[in-house]
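Trainee: How does the following fold in three dimensions:
(chains A and B)
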Amino acid sequence: QKEVEQNSGPLSVPEGAIASLNCTYSDRVSQSFFWYRQYSGKSPELIMSIYSNGDKEDGRFTAQLNKASQYVSLLIRDSQPSDSATYLCAVNGYSGGGADGLTFGKGTHLIIQP
Amino acid sequence: GAGVSQSPRYKVAKRGQDVALRCDPISGHVSLFWYQQALGQGPEFLTYFQNEAQLDKSGLPSDRFFAERPEGSVSTLKIQRTQQEDSAVYLCASSWGQADTEAFFGQGTRLTVV
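Mentor: From the prediction side, this is the model:
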């Protein structure tokens, strides 16, 4: 059973601070990792993808991957009220036929306080 | 179109009724996925197509659920004899490559079974 674990929150962060979101996964063969943002009543929106150990930066967002620890994180710098949303961690598994569909965590509810 | 398009956006079905949900992926995208999202939960994988081939249907909850993508483009998720527990948001996503490439979601179809 593939599992992706996230702290459901809510995580409350002051405007302008760094928000740190964490995720662990159970399937050691996972190779592809994604962060999605989901506003209430809307569909998930892709924020970041990461495939290799280390950091990947895109604007105010940095994804970090540590495959040895089976750990993925997302940092949001200079947090804005518009960043308030649920952040979903998603992981690909692999079976005999190739890559599988995504396994999602339950999401972390982030609140940026003005 | 520019994004993944799903229809209808909302569907109310009486228990026992059959429903069909449509997904029009991003043009040229090879892979298409269906997910089910219950309130407060992350999306749960249902099934995956690569072109017209259904490579994984392990997430379909019962034999009342059936998906097809006959020409490798538009897909339909059909639910027969709907039950109250089928009430959820059904999300479609597509990606340009195999299942481990970046996937983009449609707006979803909110199904309510009464």
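Trainee: and chain B, which residues reach chain A?
Mentor: Taking CB under 8 Å from any CB of the partner chain as the contact definition, chain B meets chain A at B:33, B:35, B:40-45, B:47-48, B:55-56, B:59, B:89, B:91, B:98-108. From N, CA and C alone the C-beta is placed, and that goes for glycine too.
Trainee: Can you flag the buried ones in the residues you listed?
Mentor: B:33, B:35, B:42-45, B:47-48, B:55-56, B:59, B:89, B:91, B:99-101, B:103-108 (16 or more other CB atoms under 10 Å in any protein chain shown).
Trainee: The residues you listed in strands, which ones?
Mentor: Using DSSP state E, the members of these that fall in strands are B:Phe33, B:Tyr35, B:Glu44, B:Phe45, B:Thr47, B:Tyr48, B:Leu55, B:Asp56, B:Val89, B:Leu91, B:Phe104, B:Phe105.
Trainee: What residues are recorded as beta-bridge partners of the first one?
Mentor: What it means is B:Phe33. As for beta bridges, B:Phe33 partners with B:Tyr48, B:Ala93 under DSSP bridges.
Trainee: Surely A:Val72 and A:Met48 touch.
Mentor: No: using CB atoms under 8 Å, A:Val72 is not in contact with A:Met48, being 9.6 Å away.
Trainee: interface residues of chain A facing chain B?
Mentor: Counting by CB under 8 Å from any CB, chain A sits next to chain B at A:4, A:31-32, A:34, A:36, A:42-46, A:49, A:88, A:90, A:92, A:94-95, A:97-107.
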